[in-house]
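In: here is my input, please return the structure:
(2 chains)
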Amino acid sequence: MNNGNETVISVKDLTKVYPAATRLLGDGGKKKLAVDRVDFEVRRGEIFGLLGPNGAGKTTTIKMLSTLLIPTSGKATVLGLDVVKDAVKLRPRINLVSGGERGLYFRLTGRQNLDFFSDMYRVPRERKKAKVQELLDQVGLGDAADIRVENYSRGMKQRLHLARGLVNDPEMLFLDEPTSGLDPEIARETRTLIRELSRKGMTIMLTTHYMFEADELCDRLAIISDGRIKALGSPFSMKESVRNDTVIEVEARDIGEVQRQGLAGLPGVSAVSMEFLEGRQLARMVVEEAGSLIPKVAALLEGRKVISIRVDQPTLEDAYIKMVNGK
Amino acid sequence: MLRDIVGVKASTLVAMRSQFAVVGPTLWLMQILATSLFQMWFFVLVSDFAGDPGASPGYVALGNAVASLTYAAIYGVCMSSGAEKHIGTMATIMSTPTRMYYVFLGKGVYQSLIGLFTVSMSLLFASVFFGVDLSAAEPFTLAAVLLVTCFSMVGFGLIIGSIGVYLRSSMVLGSIVLYLGLLLCGVNFPISYLPDWVQPLSYAFPLTYGVEAVREVAVGGSLGDVSGLMVTMLALGIAAYVAAYFLFCYFEKLALKNGSLDVF
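Out: Purely as a prediction, here's the structure:
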């Protein structure tokens, strides 16, 4: 829910290079450019998504914005505060929730975890008890509040993470792959919760590598790959970018990376994705015009066990693949 | 600063709750008491075997009883920084307004309680099993010496623990200090046994003063007799807490720069 045009995150030329590890013996590896001169803005009340493959720079970007990583160069402000110089002032007003199971005290109960993090955010004592209970109820952990976290399912831990992220009533919430590894039902519940928070006026920035999730949740999104932003806009505008394209989908039994590269090299093919299913492979090619390409595809795969070749309409995922892997 | 006290208290509570969630109080008690008893026993037998007339079992037992503080004060604090990293809570804490130093101060408070309990039990063992005569010791003076020793050693533990914010773990350093303490601090033999060039290093460790003060109190030394040792220990301790504060700030910044906050 976008409430207006006030900019709450402003990122300019943001770059992060991880230094080589220092070791007593050996060179300790190489420097790694994780985020490369990134620019974008987020408006108040918006759900803004950073979408990209693993290692694209999403988590590094979100860590820099949530003051957990100092950028190598460039500038970023959140709620008008510089993420490096004003980190201490900024922290009480934001919160970060990471996906996965780490970041909680497994030997404490859900309630004790929230108590502790409320203290870390200096939530006044007279408000803390009610606030913790309210959050536990909000994420559906009211009945499991006094059970140790080590006995929680993964979905319950993720909900507790979300509750922890709300202990300080943040104006800005960062979510790093909030549904990663969750079963579909819990992931859907998590998305519902994120939408509810947005409806209440919270600005949310999330990272995900699920296209449908970005499509369902985000007002705007940036597609990031190899540390650079490849596209920025609403999910609708991204879908529009492949409206004039077509997809050729090939289902086969014995094609691999060599064939994928061959297909990607055909003239008129702008991106190829490959999905490895049980005992077969599915290659999707985003192309300008399918008719003239199909014979070339068939020729290239001659001698392979091709099950079907069909023409399809491009989806948002094809748009994403075109932007990330496209020529 | 006052608001950070809430963080210190919360952190103490988490440390305590986590402790008893891993092993129950009985097993935990067995572990710390058995460690100090067997260490004491080991060194007593070694000294007996060495046959030095100056190396009485009581001397070694008393030294080891005081040194048992190291497990909680230094090793315990170091271990907690590694544990925070391992379970991924270090980065989460870092993203809050409470500084990491205060969180570890809370852990230090908890480890102080453990340390004081351990050393009290170790003194009891020393007295019951190894003939250490504490009848001349003034209880208040002994308690004051142990309190100041514990305070100073936790300060040292915080210095070493701070490195764990940046590195994967500070346990390696913690182990080294644990054994350096046994070697340098007059625990099993007088410092004069050490080579001349090593002896000055002994006086950088608060444990050296603690062991010496307890030995004096055991033979009837008053608070006035050990006040010099206590003041030195206190000064070393305060310097350690101040140094730890700045080291935490330094290593936090380094970890934020290198992205090593959640590397374990």
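In: which other helices and strands does the helix or strand where residue A:195 lies contact?
Out: For residue A:195, the host element (DSSP states H and E) is helix A:184-199. Counting by 3 or more C-beta pairs under 8 Å, 6 or more residues apart in numbering or on different chains; DSSP states H and E, the packing neighbours recorded for helix A:184-199 are strand A:47-51, helix A:154-164, strand A:203-208, helix A:211-217. (Glycine included, C-beta is placed from N, CA and C.)
In: just put the ones you listed in a markdown table and tack on distance to residue B:184 and mean neighbour count.
Out: Shown next, in a markdown table, are the helices and strands packed on helix A:184-199 (distance: least, C-beta to C-beta, whole Å; neighbours: other C-beta atoms under 10 Å in any protein chain shown):
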| stretch | distance to residue B:184 | mean neighbour count |
| --- | --- | --- |
| strand A:47-51 | 53 | 26 |
| helix A:154-164 | 44 | 23 |
| strand A:203-208 | 50 | 26 |
| helix A:211-217 | 58 | 20 |
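In: ok, of these, where does mean pLDDT dip lowest?
Out: Ranked by mean pLDDT, these bottom out at helix A:211-217, which scores a mean of 86.
In: what's it in contact with?
Out: Residues from elsewhere that reach helix A:211-217 (C-beta atoms under 8 Å, 6 or more residues apart in numbering or on different chains): A:47, A:49, A:51, A:179, A:187, A:191, A:194-195, A:198, A:206, A:208, A:221, A:235, A:315-317, A:320.
In: over to stretch B:180-189?
Out: Residues from elsewhere that reach stretch B:180-189 (C-beta under 8 Å, 6+ apart): B:43, B:46-47, B:55, B:60, B:63-64, B:66-67, B:70, B:74, B:191, B:194, B:198, B:201-202, B:205, B:207-208, B:210-212.
In: need the residues of chain B near chain A, please.
Out: By C-beta under 8 Å from any C-beta of the partner chain, the residues of chain B that approach chain A are B:3, B:6-7, B:9-11, B:13-14, B:17-18, B:21-22, B:87-89, B:91-98, B:103, B:253, B:256-259, B:261-262.
In: of the residues you listed, buried ones?
Out: The neighbour count (16 or more other C-beta atoms under 10 Å in any protein chain shown) marks B:6-7, B:10-11, B:13-14, B:17-18, B:21, B:87-89, B:91-98, B:103, B:256-259, B:261-262 as buried among the residues of chain B next to chain A.
In: got the phi and psi for the residue in the stretch 51-200 of chain B that chain A sits nearest to?
Out: Per C-beta to the nearest C-beta, residue B:88 is where the stretch 51-200 of chain B lies closest to chain A, at 2.8 Å. Backbone geometry at residue B:88, expressed as degrees, to the nearest 10, gives phi 80, psi 10.
In: if I pick it, what's in contact with it?
Out: Contacts of residue B:88 (C-beta under 8 Å, 6+ apart): A:98, A:100, A:102-104, B:262.
In: from the residues you listed, keep the buried residues only.
Out: Buried members of these, counted by 16+ other C-beta under 10 Å: A:98, A:102-104, B:262.
In: now for those: which two are most distant?
Out: Spanning the widest gap among the buried ones among the contacts of residue B:88 are A:104 and B:262, at 13.3 Å by C-beta to C-beta.
In: how many residues are close by residue 33?
Out: By default, I'm working from chain A. Residue A:33 is flanked by 17 other residues according to other C-beta atoms under 10 Å in any protein chain shown.
In: other chain: chain B
Out: Residue crowding around residue B:33 was assessed by other C-beta under 10 Å; the count is 17.
In: residues contacting the closest residue in space to residue B:57 that isn't next to it in sequence?
Out: Closest residue to residue B:57 apart from its sequence neighbours, by C-beta to C-beta, 6 or more residues apart in numbering or on different chains: residue B:44 at 4.5 Å. Applying C-beta under 8 Å, 6+ apart to residue B:44 gives the contacts B:57, B:60-61, B:64, B:130.
In: from those residues, which land in helices?
Out: Judged by DSSP state H, the contacts of residue B:44 include B:57, B:60-61, B:64 as members of helices.
In: the residues you listed, buried ones only, as a ChimeraX selection?
Out: Only the buried entries of these go into this ChimeraX selection, using 16+ other C-beta under 10 Å:
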select /B:57,60,61,64
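In: need the ones in helices among the contacts of residue B:44 in JSON lines with distance to residue A:292 and pLDDT, can you?
Out: As requested, the ones in helices among the contacts of residue B:44 are exported to JSON lines (distance: C-beta to C-beta, whole Å; pLDDT from 0 to 100):
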{"residue": "B:57", "distance to residue A:292": "96", "pLDDT": "78"}
{"residue": "B:60", "distance to residue A:292": "91", "pLDDT": "84"}
{"residue": "B:61", "distance to residue A:292": "92", "pLDDT": "87"}
{"residue": "B:64", "distance to residue A:292": "87", "pLDDT": "87"}
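In: same for the helix or strand of chain A at the bottom of the mean pLDDT ranking, what does it pack against?
Out: When the helices and strands of chain A are scored by mean pLDDT, DSSP states H and E, helix A:316-325 comes last with a mean of 78. Applying 3+ C-beta pairs under 8 Å, 6+ apart, we find helix A:316-325 packed against helix A:211-217, strand A:220-225, strand A:228-233, helix A:235-240, strand A:269-277, strand A:280-287.
In: I appreciate the help and will end here.
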